[in-house]
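Enquirer: Predicted model, plus sequence, below.
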Amino acid sequence: MKYIVLIGDGMADMPLEAIGGLTPLQKAVTANMDILASGGTLGMVRTVPEGFPPGSDVANLSILGYNPKDYYSGRAPLEAASMGIPLGEGDAAFRCNLVCLDFTETRMADYSSGHIASEEARVLITDLNRELSSDKIKFYPGISYRHLMVYKDGPIDMSCTPPHDITGRAFTQYLPHGHGADVLLSLMQRSQEILRDHPVNIERVSRGKPPANSIWLWGQGKRPALPSFKAKYGIEGSLISAVDLTKGLGICAGLKVIDVPGATGYLDTNYTGKARYGVDSLKDRDFVYIHVEAPDEAGHSGKLDDKIRAIEDFDSLVVGEVMRLLRDTGDYKILLMPDHPTPIALKTHTNASVPFVIYDSRNVKTDTTVSYDEGIASLDDTVYIDDGHTLMSYFITGQR
């Protein structure tokens, strides 16, 4: 048996007047996801436990079968694992976004600096590290706007806000606060002085692009310790994602992380490549987790057309391609779902339950026609799972 998990990050949403009271999933053309829904077991699952921030770190940890109450250690340490950055026992890792702040109106203009290119970002982070690093502080370049800072023996109990949660809002009330926050605030302020007239930003502005004029530190945590996925389920597996957070989860879970050329985490990602590399990995392993970030990014930007496009691309280029390639694979099961909602109206995550489908090639329903969307919640035979970390066991074993 082969097991395939397909994650459309942030696909779930709320009804929108702009599209006649439909959600983006309901509005989008999703022929392949609808086939899986019509032939499979339908359910709703809460991936974020009460009291936890509704982030992709918590949600994907839960989907992989790890109870966040036992294993959650913060977002940044997972990204450090993906980037190959070793953390000492007392080291604190922080996510370091390159953001665009509107200082005139003191608002978060763009949490991604216009999805700055990795090449430009690398220059900025390298220069920031040269100017701001010390025996305690180091900066590490990542992908696009997503980077990392390591604070040796640093505290993590300050309060920090994800920048994508405050797009368009006054940022001053969301600055880090609490024990140790003074160091973060100093670094953020000093970064603004360095980035203000940086040649990369001058060139970006000349092209009509938003400048990356500040860092934003958040997502702090210490080194995690997860039991391997194989130890939990007796299955060797792989993981495919464009973002370091999800890759880090895979590494910490002992999954083989596969890099796909052209995978960007945005609308221009290599959807088909993810599907093909994922199915190809099943020649050597029995499990693959394919994560696509694009719908989430569109949700954070509040761009409805982009979110619908991302959902439709995920359906046709990932779900459809996986289904086509699996025809000659033998027995297989597919788990299809978002990790959490990212409503267009809110531009951030919520902890609401999300719809899932488990499609078993050995037991395909042929007498139903169902659309894959949030309406699954109102169907009579919908399975409800409150503890999201138990879904993986249900998917693999069929037992609740």
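Expert: That came in fine, so what should we check first?
Enquirer: what's next to stretch 111-127, contact-wise?
Expert: Contact partners of stretch 111-127, identified using C-beta atoms under 8 Å, 6 or more residues apart in numbering, comprise 96-100, 139-145, 147, 162-164, 166-167, 194-195, 198, 200-201, 204, 209-213, 216, 266, 297, 300. (C-beta placed from N, C-alpha, C; glycine too.)
Enquirer: where exactly do the helices run in the stretch 151-300 of the chain?
Expert: For the stretch 151-300 of the chain, the helices defined by DSSP state H, counting those that start in this stretch cover 181-195, 199-206, 229-233, 244-252, 271-281, 294-301.
Enquirer: can you tell which of those is closest to L175?
Expert: Comparing these against L175 with C-beta to C-beta, the closest turns out to be helix 181-195 (6.3 Å).
Enquirer: Check which helices and strands that closest one is in contact with.
Expert: The contact analysis (3 or more C-beta pairs under 8 Å, 6 or more residues apart in numbering; DSSP states H and E) places helix 181-195 against helix 118-132, strand 214-221.
Enquirer: residue contacts, the spatially most central residue of the chain?
Expert: Most central in the chain under C-alpha atoms, centre = their mean is S56, positioned 4.6 Å from the mean C-alpha point. The contact partners of S56, by C-beta under 8 Å, 6+ apart, come to 9-10, 75, 243, 245-246, 296, 339-340, 349.
Enquirer: So for stretch 178-197, what gets flagged as buried?
Expert: 180-181, 183-184, 187-188, 191, 194-195 (16 or more other C-beta atoms under 10 Å).
Enquirer: Then stretch 44-55?
Expert: The neighbour-count check on stretch 44-55 (16+ other C-beta under 10 Å) flags 44-49, 52-55 as buried.
Enquirer: I'd like to know which of those residues are part of strands.
Expert: Assigned to strands by DSSP state E, the following of those qualify: 44-45.
Enquirer: mind putting the buried residues of stretch 44-55 in CSV, distance to K274 and pLDDT included?
Expert: Below are these laid out as CSV (distance: C-beta to C-beta, whole Å; pLDDT from 0 to 100):
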residue, distance to K274, pLDDT
M44, 26, 98
V45, 23, 98
R46, 26, 98
T47, 21, 98
V48, 24, 98
P49, 28, 97
F52, 28, 93
P53, 27, 90
P54, 24, 93
G55, 22, 91
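Enquirer: before we move on, the earlier item: of the helices of the stretch 151-300 of the chain, which is nearest M108?
Expert: Of these, nearest to M108 by C-beta to C-beta is helix 294-301, at 11.1 Å.
Enquirer: who touches the following helix or strand past the closest one?
Expert: With elements assigned by DSSP states H and E, the helix or strand that comes after helix 294-301 is helix 304-313. Helix 304-313 is contacted by residues 8, 11, 13, 16, 18-19, 24-25, 27-30, 267, 271, 292, 294-295, 297-299, 344 when judged by C-beta under 8 Å, 6+ apart.
Enquirer: at 6 Å what do you get?
Expert: Contact with helix 304-313 is made by 11, 24, 27-29, 267, 271, 294-295, 298-299, 344, as judged by C-beta atoms under 6 Å, 6 or more residues apart in numbering.
Enquirer: Surely L148 touches K138?
Expert: No. With contact defined as C-beta atoms under 6 Å, L148 does not count as touching K138 (8.8 Å).
Enquirer: These two: which has the busier surroundings?
Expert: Taking other C-beta atoms under 10 Å, L148 and K138 do not tie; L148 has more neighbours (24 against 16).
Enquirer: Just give me the neighbour total for K136.
Expert: 12.
Enquirer: now do A231
Expert: A231: 10 surrounding residues under other C-beta under 10 Å.
Enquirer: Now do it, the pLDDT please.
Expert: As predicted, A231 sits at a pLDDT of 97.
Enquirer: cool, the one 4 residues further on as well?
Expert: We note a pLDDT of 97 for I235 in this prediction.
Enquirer: show me what contacts it?
Expert: 286-287.
Enquirer: There's contact between T368 and A37 in this structure, I believe.
Expert: No. Taking contacts as C-beta under 6 Å, T368 lies outside contact range of A37: 8.5 Å.
Enquirer: Which residue of the two possesses the greater neighbour count?
Expert: Between T368 and A37, A37 has the larger neighbour count (other C-beta under 10 Å), namely 26 against 12.
Enquirer: So the more buried one sits against V357, correct?
Expert: Yes. Contact criterion C-beta under 6 Å: A37 and V357 qualify, at 5.1 Å.
Enquirer: of the buried residues of stretch 178-197, closest to S133?
Expert: L187 (10.0 Å).
Enquirer: Would you mind putting the buried residues of stretch 178-197 into TSV with pLDDT and distance to K69 alongside?
Expert: Shown next, in TSV, are the buried residues of stretch 178-197 (pLDDT from 0 to 100; distance: C-beta to C-beta, whole Å):
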residue	pLDDT	distance to K69
G180	93	25
A181	97	26
V183	97	29
L184	98	27
L187	98	31
M188	98	31
S191	98	35
I194	98	40
L195	98	39
